[in-house]
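Q: need a 3D model of the following:
(one chain, ligands or ions: 2)
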Amino acid sequence: MSDYARRAPASITPSAARLTESLRDIGYDFPTAIADLVDNSIAAKASRIDILIEFDGIHSRIYIADDGVGMTESDLIEALRFGSRRDYAHGDLGRYGLGLKTASLSQCRRFSVVTRHAPLQRRIAVRQLDLDRILRSDQWLVIDPGATEPVERACDWLDDGPGTVVIWESLDRVLPEKRPDGGWARRRLEGLARRTVDHLGMVFHRFVEGTPVEPPITITLNGEKVPPWDPFAPREPARINLPDQVFELAVGEVVGGVQLRRTVLPPRDHFSSIGEFERLSGPMKWNRQQGLYIYRANRLVQWGGWNGLRAIDEHTKLARASLDFDTDLDEAFNINVAKMRVSVAPQLKQMLDRPIHELCIRADDAYRNTSQRHPRSLAGPFTERQTAQPNASFGLALRAAAMQAGEYEALKRILELLKETAPEAAQSLGLDQ
Ligand SMILES: Nc1ncnc2c1ncn2[C@@H]1O[C@H](COP(=O)(O)OP(=O)(O)OP(=O)(O)O)[C@@H](O)[C@H]1O
Ligand SMILES: [Mg+2]
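A: Ligands and ions are numbered 1, 2, ... in the order given. Sure, this is the predicted structure:
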């Protein structure tokens, strides 16, 4: 017998000063931090979200205001806790109880939340979280800042009914340290505003457009409406949609569906206009916008890239595929706090392998643009081409298999030869492109 005596458990509260500093760096940039607050507004059933980016040197401020359900005073205090406690409904955009704090502090040292819950009474609650105060006291403190000028301004927003305004001040991560009041600082803020419009228009495009069951939400930035950016260009007549697929995914006890939709966007000459082609290029431009668009409860959490299924390639830049999942599959997708990174489970990767290869082959065809030789071949939907060429699906399967076997280049050489030696055979397999 050892003479070691087992001790009682000790509660070790994390150091507020140490933890808040490190929580500033969990991967947000300015647009993704704003998007995380927009998530909260949408979860609070807002129909309108106004973002104001106001340059005024070191007094520059950002306001994010919504007309959602707002919070009572006790709700507000709980909301400011790192790891807020609450239950999440199916499809709720929140998950960790962290976003409001981590997103805000990733950009500023002090933020306030001004909120009204009661529809009939103008009862407003205000609290502030100030990083410097937390550092000094080493305590998780929230204070009532009183009726400061920005708070008064936020109260005006809430004149007509419930809603919430988040105010970011002391923007140390946004403004340059040197000359925060100079022209460069102003231009930097203007640049961030433009990037934010693009980002919000992309990740929330389904909310801004509205869905069959949800009315559209209006998002404005500095007074201008954020236009939706749908990566799948639904109104382009020359795009090609491949058949949809649904996969079942099991995580522990939970079984959920993941829906795959695949689109080959038209090459430049087949777009309705050059302007539309440029617009569909997206915030990161054609090459980096190819790949998977992963939607969690209709909100985009990944916008392009192939998650290790294949590499980004100029030849497949017209290929885009959406994957839709609901919040019950969060664990399978390993969603991170900033809602800007997911991983695709190996089980799902395997199921996606073939359909994605098929998509990329079609995109490669479209990229090589056979318009001169086959003026209609890219315009029609998949089925149209299959009827015209009864064996085209064999050709597609052959190419998909070659790609999976890592022998696509070899197959291409074989087909070149086949086209010369037996052009009809190549044509009947749809391999003559
Ligand atoms: N604009 C808002 N309107 C109403 N309630 C809000 C708003 N913003 C935050 N809240 C409340 O504050 C809580 C904490 O928000 P926070 O973003 O920190 O966490 P979350 O949304 O629950 O989860 P996640 O970390 O995934 O974002 C929310 O759960 C919500 O109850
Ligand atoms: Mg949140």
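Q: return the residues of the stretch 51-200 of the chain in contact with ligand 2.
A: Proximity of the stretch 51-200 of the chain to ligand 2 (CB under 5 Å from the ion) is limited to residues 94, 99. C-beta coordinates here come from the backbone N, C-alpha and C atoms, glycine included.
Q: ok, now how distant is the closest residue to ligand 2 within the stretch 101-250 of the chain from residue 28?
A: Using CB to the ion, the single residue of the stretch 101-250 of the chain nearest to ligand 2 is residue 103, 7.7 Å away. Going from residue 103 to residue 28 by CB to CB, to the nearest Å gives 6 Å.
Q: so which residues of the stretch 51-200 of the chain form strands?
A: For the stretch 51-200 of the chain, the strands defined by DSSP state E, counting those that start in this stretch cover 61-66, 110-116, 124-130, 163-169.
Q: switch the ones you listed over to TSV; also include mean pLDDT, mean neighbour count and distance to ligand 1.
A: Below are these laid out as TSV (pLDDT from 0 to 100; neighbours: other CB atoms under 10 Å; distance: least, CB to the nearest ligand atom, whole Å):
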stretch	mean pLDDT	mean neighbour count	distance to ligand 1
strand 61-66	98	24	5
strand 110-116	98	25	7
strand 124-130	98	20	11
strand 163-169	98	25	4
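Q: looking at the ones you listed, which is closest to residue 206?
A: Residue 206 sits nearest to strand 61-66 of all the strands of the stretch 51-200 of the chain, at 17.7 Å, using CB to CB.
Q: against which helices or strands is the closest one packed?
A: Contact partners of strand 61-66 among helices and strands, from 3 or more CB pairs under 8 Å, 6 or more residues apart in numbering; DSSP states H and E: helix 30-43, strand 48-54, helix 149-157, strand 163-169.
Q: any idea which of the ones you listed is most buried?
A: Most buried of these, by mean neighbour count (mean count of other CB atoms under 10 Å): strand 163-169, with a mean of 25.
Q: quick one: that one to strand 124-130, angle?
A: Per axes from the mean of the first three to the mean of the last three CA atoms, to 10 degrees, the angle that strand 163-169 makes with strand 124-130 is 30 degrees.
Q: using CSV, write out every CA atom in strand 163-169.
A: The C-alpha trace of strand 163-169 is given here as CSV (Å, rounded to 0.1, in the frame of the first residue of the first chain):
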residue,chain,number,x,y,z
GLY,A,163,-33.8,44.7,-31.3
THR,A,164,-30.1,44.7,-30.5
VAL,A,165,-27.2,46.9,-31.3
VAL,A,166,-23.6,45.8,-30.8
ILE,A,167,-21.0,48.6,-30.8
TRP,A,168,-17.3,48.0,-31.3
GLU,A,169,-14.9,50.6,-30.1
